[in-house]
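Visitor: When you get a sec, could you give me coordinates for this:
(3 chains)
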Amino acid sequence: MRKGWIVFVLAAAVFLGTVQATLAQEKKEIVVGMTLCLTGRYAVDVGTFDKMVKAWENYVNTKQGGLYVKAYKKKLPVRTIIYDDKSDQATAVKFYERLVTVDKCDILIGPKSSPITFPVTSVPEKYHIPMVLATANTPAIFNRGFKWFVGVNNLSTAWSDAYFELLDSEKQVKTIGYVAEDTPHTREVYEGAIPNAEKRGYKTVFQEIAPAGTTDFTSILLKLKAADPDVIYVSSFTPFGVTFKKQTKEFGLKPREWHFTHFDKSFSGALGKDANYVTGEHQWLPGMPYGNLKKWHAILNEAKIDPEEYLDVSLHYGALEVAEVGIEKSESLKPDDLMKALKEVNFVSIMGPMYFDQAQGHSFFKQMAAQYIDGKYYIISPRKYATHKHVYPNPAP
Amino acid sequence: MFKRWVNPFNGFWILVLAFILLLPRFIDPYWVVFLLLLFMYIGIGASFNITAGYLGYVNLGHYVFFGISAYGFSILYVKGVPFILCLATGVLVTLIFATLISYPFLRLKGGYFALANFGLIKLFELVAGSLRNFTGGTQGITLPPGYRPYQTYYIFLAVSLLTVIVCYWIPKWKFGLALFSIREDEEVATAFGIHVNRKKMAAYVLSSVFPALLGGTYAWYSAFIDPEVVFGTDKALFPVTMVMLGGTGTFLGPIIGGVFMMIIEELLWTSTWLPVWIKSLHLTMLGLILAAVGIFSPGGLVTLPPFAKFFNWVGLGRFLGASHKSLKLDQM
Amino acid sequence: MLTIFIQLILAGVLQGGTYALAAFGLSLIFCIAEVLNITHGEFLMLGGLVTYILFSTTGWNPFIILLIVIPLFIFVGLVYQKAFIKPILNRPPRQLFFSSIVVTVGIATAIEDTTSFIWGPTVKGVSYAMPAFMAGGVVISSLRLTILVLIIALTIFLHFYLKKTFLGKAIRAILQNREGAAVIGINVPRVITFVFGIAIGLAAVAGVFYVLQFTIGPYIGLPLTIRYIAIVMLGGSGSLIGSLVGGLILGVAETFAGFFLGAHWSLAVAFFALVMVLLLKPEGLFRHV
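Guide: Below you'll find the model as predicted:
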């Protein structure tokens, strides 16, 4: 039994040693922490963003010399820490705890997706470390009265605002049929779009939600064909959208316009010619005139990420921009100062004018409406920086 | 008799217990979360062991008890019912479900049983996603938020300790021996007068209690559940794999399996001395390690000589017992 | 109303046929080797991936690519079995079951992660289309019809293969009585290796059909494997007819439930049907071949 004691004491010592490994250090750098869904089901959307974050870190440290911190009257380098949350809530929460307590981050960037962000937001709220949310846009996240985050995305219910504004100005569409994929995000977009459209006078002739794994849309397509709307509006992610669109061809559905709320290069790649003239939303395309575009392109190039393929990259980058601006604006790196500075941020990021709702914390960013024409994505709304005229009705056979 | 209880050996264990209890005071909250997840997985794994290892009925759908209780808990909690009542209801609902399901399902044999249960998880995921008014559908249920890792740490510790203690005692009781004999040969067991059906049902229902307790508490801890989180099939395989890795049917198996998997994951991901490409492929590494263990170490990690020797040396050899010594593993 | 009915049945049959194809391989493996091959879905994904890669670089007709995929993946199946499954085959049944799960889950995870690492996590599809035609008010997709015809052809081929050729008869003998088969001189381990080759080849073929109709990504394997396991359970393992019928039942249940109850019930009903069948007939619908 003596051996048992020895082993026990050794094990305890090793454990406590590993755990207490971080010692207090003088502030030599700004630590930015986050988790990304590098594996798991959300990896399709953000799988390579760690490269983008590292590219940003690189750029800030080499080309800008770091970020200026008022309290120290000099620039400090930035260090990013990224963990893989495996698209799992519990893992994400675990790592955010680690980022705050072990890695001693000065600022946190939110994870991908609203479901994961939801429980994660209790970490900054408890430890009073500021967090900038990236893609989260579920209204429920923002109306809990939490004080320790801001989010660069707008509420999901406003997703198609730009598109409907376009339709208003053209006055050609009368009826819309809606299909949604049953996931929280796409459902919210759908549930925000329908009342939005109806208020503007567009008649809803069909609406239905289908589970995420649906492989056969016969029932929906039969009903849609009978309803024959001007626009078929599909709120979905790429796999669902592609499967749906492929089957519509078989049923000979010919609306005047197709609208898919998430479409990217995978979508057009899988559909080929059938993706021509499809409209939808994007979050950044060439033609957006805002922000430090030179830096943005440099970082995209280094990370080899194409915003036409990864719709969310502009949001994650936008969060980093907000972090930058907040840090340089803040009196010091102390959490209270930093959080105050973040809330008061008001600048032009590559996403457009960036400022936050003081009560809820979300931004007023608007997704832009885009159309895929002959192999490229063009912005069609807002008109002021549209890169192509909206092609309506759909001329494809 | 008092002397038997108070002796150096038990004193040792009391010290270990005290250490674990006081740990949260001294360490970062991150490690508290790490440990509570570990306890949760051990609890689920050890209770899985009751049906899989002791009874011989591999219940791949074991995780479903976790999910049902989580939902039962959440539906009531958002209505303002106190924590204890919600947890009790969650557990009760799970127990009722387990009892109802056990009779038809336990008629199935071997692989069919395993997979029918697995199908149950998927079924519940889909149903939970569809019954919007009741379960919140795919949007899930948002519970009143709160930051609760410390309380959850203790609750999970208590539950997994309970599970582990029950798993330790079962082989020593007649109940355990009955389970083993059913596992070896059901017909012979019946011939010997064992009420096979009753025992099977008892084991199944008993094994559902612990994940139920964990499920309800987890919902409270994370303040948000949706069908994917509590009925996710990839998550469901995790405790199962963990137990099989550690060694099914053994008492230490789930504990070792859980510790092993979580530590490997932690090491592979957070060690700063590993090159970047290993980190990007950490799941591949984990997968390959799993496969290697599966191929080279049939009884699980517990049977590996290094482990067995280590435990014997430390004087824990008796814990390798249960299925290790009393029944030869190569005939499992 | 009748046209809608026919349409739904047709869609369900088309759907079910694709399911049945991959399921049969899984069922064969389970019955012959008592291994639960959770990696099965990954091979489907890889079959689709190879098709995608070849299609996007060469633009060949996917059905031609199919002819490349089949032998390639039969070979992959043989290698897979030799490397990972063979070492665990000579264990007692329960241990084999456990080990097979651990090993196949491990390999599946590794394949998913490596695929994501090399080709990226985004989904991919093949933009090959065939026109649809109408027949008496019912819409028929030529693409899916072609696929169904191919599946039926493949099934008939397999049926005769199992009945007439030596290997086929050996497989059936092992399914009926393993020890007896060994006694009369059948080289059981070798037959098992071949079975894996065939099964993985079938999974890859299903993958080709899959990528033509839907999209593939590194992480689709596991959910698909679960669906196929459901079909295997439903149809009765080891039975060719069983897998086909099981797949058809699942497919038709999905489409009908989707139409009458609303799309979000379609999958749930299918799984419910599975559980019901299992409870009523624990061995599945059909016994061994």
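Visitor: C-alpha only now, for contacts and for neighbours.
Guide: Will do.
Visitor: helix or strand for the residue in the stretch 1-150 of chain A positioned nearest to chain C, which one?
Guide: Relative to chain C, the nearest point of the stretch 1-150 of chain A is A:V44 (4.4 Å; CA to the nearest CA). Using DSSP states H and E, A:V44 sits in helix A:43-46.
Visitor: Are that helix and chain B in contact anywhere?
Guide: No: no part of helix A:43-46 sits near chain B under the criterion CA under 8 Å from any CA of the partner chain; the closest distance found is 12.1 Å.
Visitor: And for that helix, what's in contact with it?
Guide: Residues from elsewhere that reach helix A:43-46, judged by CA atoms under 8 Å, 6 or more residues apart in numbering or on different chains: A:36-38, A:87, A:112, A:310-313, C:120-123, C:217.
Visitor: same deal with stretch B:211-220?
Guide: When contacts are defined by CA under 8 Å, 6+ apart, stretch B:211-220 is touched by residues B:40, B:43-44, B:47, B:63, B:65-74, B:86-87, B:90-91, B:94, B:143, B:152, B:155-156, B:159, B:225.
Visitor: Over to stretch A:115-127?
Guide: By CA under 8 Å, 6+ apart, the residues outside stretch A:115-127 that reach it are A:87-89, A:92-93, A:96-97, A:100, A:110-111, A:130-131, A:133, A:136, A:141, A:146-149, A:184, B:145-147, B:222-224.
Visitor: how far does that stretch stretch from start to finish?
Guide: The first residue of stretch A:115-127 is 21 Å away from its last residue (CA to CA, to the nearest Å).
Visitor: Please point out which parts of that stretch sit buried.
Guide: A:P115, A:I116, A:T117, A:F118, A:P119, A:V120, A:T121, A:S122, A:V123, A:P124, A:E125 (16 or more other CA atoms under 10 Å in any protein chain shown).
Visitor: State the mean pLDDT of stretch B:127-144.
Guide: Predicted confidence along stretch B:127-144 averages 78 (mean pLDDT).
Visitor: and it, is it in reach of chain C?
Guide: Yes: for a cut-off given as CA under 8 Å from any CA, stretch B:127-144 has contacts with chain C, namely B:V127, B:S130.
Visitor: Any part of that stretch near chain A?
Guide: Yes: under the criterion of CA under 8 Å from any CA, stretch B:127-144 makes contact with chain A via B:T138, B:Q139.
Visitor: tell me which residues of that stretch are tucked away?
Guide: Neighbour-count burial for stretch B:127-144, with 16+ other CA under 10 Å as criterion, is recorded at B:127-130, B:135-143.
Visitor: Sitting in strands, which of the contacts of helix A:43-46 do you find?
Guide: Using DSSP state E to define strands, the subset of those located there is A:L36.
Visitor: which one among the contacts of helix A:43-46 gets closest to chain B?
Guide: Closest approach between the contacts of helix A:43-46 and chain B, by CA to the nearest CA: A:L38, at 8.0 Å.
Visitor: and the closest one, what does it touch?
Guide: Applying CA under 8 Å, 6+ apart to A:L38 gives the contacts A:V46, A:G47, A:T48, A:D50, A:D84, A:D85, A:K86, A:S87, B:S280.
Visitor: Now do the helix or strand encompassing B:L245: which elements does it pack against?
Guide: Take DSSP H and E as the rule and B:L245 turns out to sit in helix B:233-246. Secondary-structure packing of helix B:233-246 (3 or more CA pairs under 8 Å, 6 or more residues apart in numbering or on different chains; DSSP states H and E): helix B:29-49, helix B:253-270, helix B:282-296, helix C:93-119.
Visitor: again, only this time at 6 Å
Guide: Other helices and strands packing on helix B:233-246, by 3 or more CA pairs under 6 Å, 6 or more residues apart in numbering or on different chains; DSSP states H and E, are helix B:29-49, helix B:253-270.
Visitor: Which positions in the stretch 201-332 of chain B make contact with chain C?
Guide: B:T241, B:T284, B:G287, B:L288, B:L290, B:A291, B:G294, B:I295 (CA under 6 Å from any CA of the partner chain).
Visitor: Does the longest helix along chain C reach chain B?
Guide: Using DSSP state H to assign secondary structure, the helix with the most residues in chain C is helix C:2-33. No: counting by CA under 6 Å from any CA, chain B is not contacted by helix C:2-33; separation bottoms out at 8.9 Å.
Visitor: can you state the direction angle for the helix or strand following that helix and helix C:93-119?
Guide: The element immediately downstream of helix C:2-33 (helix or strand, assigned by DSSP H and E) is helix C:40-58. Direction vectors for helix C:40-58 and helix C:93-119, defined by axes from the mean of the first three to the mean of the last three CA atoms, to 10 degrees, enclose an angle of 20 degrees.
Visitor: angle of helix C:40-58 against helix C:2-33?
Guide: Helix C:40-58 runs at 110 degrees relative to helix C:2-33, counting by the same axes, to 10 degrees.
Visitor: Now do the buried residues in helix C:40-58.
Guide: By neighbour count on 16+ other CA under 10 Å, the buried set for helix C:40-58 is C:40-52, C:54-55.
Visitor: how about the residue sitting nearest the centre point of chain A, secondary structure?
Guide: Among the residues of chain A, A:T135 comes closest to the average C-alpha position under CA atoms, centre = their mean, at 2.8 Å. Three-state call for A:T135 (DSSP: H, G, I helix; E, B strand; the rest coil): coil.
Visitor: And the pLDDT for it?
Guide: Looking at A:T135, the pLDDT reads 89.
Visitor: Repeat that for the one 5 residues further on.
Guide: For A:A140, the pLDDT comes out at 83.
Visitor: quick revisit: which one of the contacts of A:L38 sits closest to A:G280?
Guide: Using CA to CA, the shortest approach to A:G280 within those belongs to A:V46, at 19.5 Å.
Visitor: How many residues are close by the closest one?
Guide: Applying the criterion other CA atoms under 10 Å in any protein chain shown, we find 22 residues in the vicinity of A:V46.
Visitor: same deal with A:L342?
Guide: 28.
Visitor: Same question for the one 10 residues further on.
Guide: A:G352 sits with 17 neighbouring residues when counted by other CA under 10 Å.
Visitor: likewise B:P145?
Guide: Other residues lying near B:P145 total 16 when counted by other CA under 10 Å.
Visitor: Confirm that it sits in a helix.
Guide: No: assessed with three-state DSSP, B:P145 is coil; it does not lie in a helix.
Visitor: need the contact list for the spatially closest residue to it that is not a sequence neighbour.
Guide: In space, and not counting its chain neighbours, B:P145 is closest to B:A223: 5.4 Å by CA to CA, 6 or more residues apart in numbering or on different chains. Under the criterion of CA atoms under 6 Å, 6 or more residues apart in numbering or on different chains, the neighbours of B:A223 are B:T142, B:L143, B:P145.
Visitor: backbone phi and psi for the nearest residue to the second one once chain neighbours are set aside, please?
Guide: Sequence neighbours aside, B:A223 is the residue nearest to B:L143 in space, at 4.7 Å (criterion: CA to CA, 6+ apart). B:A223 adopts backbone torsions of phi 60, psi 20, taken as degrees, to the nearest 10.
Visitor: confidence score at B:A223?
Guide: What the model reports as pLDDT for B:A223 is 79.
Visitor: Quickly note the distance from it to A:T117.
Guide: Per CA to CA, B:A223 is found 12 Å from A:T117.
Visitor: What residues sit buried inside the helix or strand where C:A199 lies?
Guide: Element membership for C:A199 (DSSP H and E) is helix C:188-213. Of the residues in helix C:188-213, those buried by neighbour count under the rule 16+ other CA under 10 Å are C:188, C:191-213.
Visitor: starting at the chain centroid, how far to the helix or strand that comes right after that helix?
Guide: Of the helices and strands lying after helix C:188-213 in sequence (DSSP H and E), the nearest is helix C:221-235. Centre-to-centre, helix C:221-235 and its host chain are 8 Å apart (CA atoms, centre = their mean, to the nearest Å).
Visitor: what's helix C:221-235 packed up against?
Guide: helix C:40-58, helix C:240-261.
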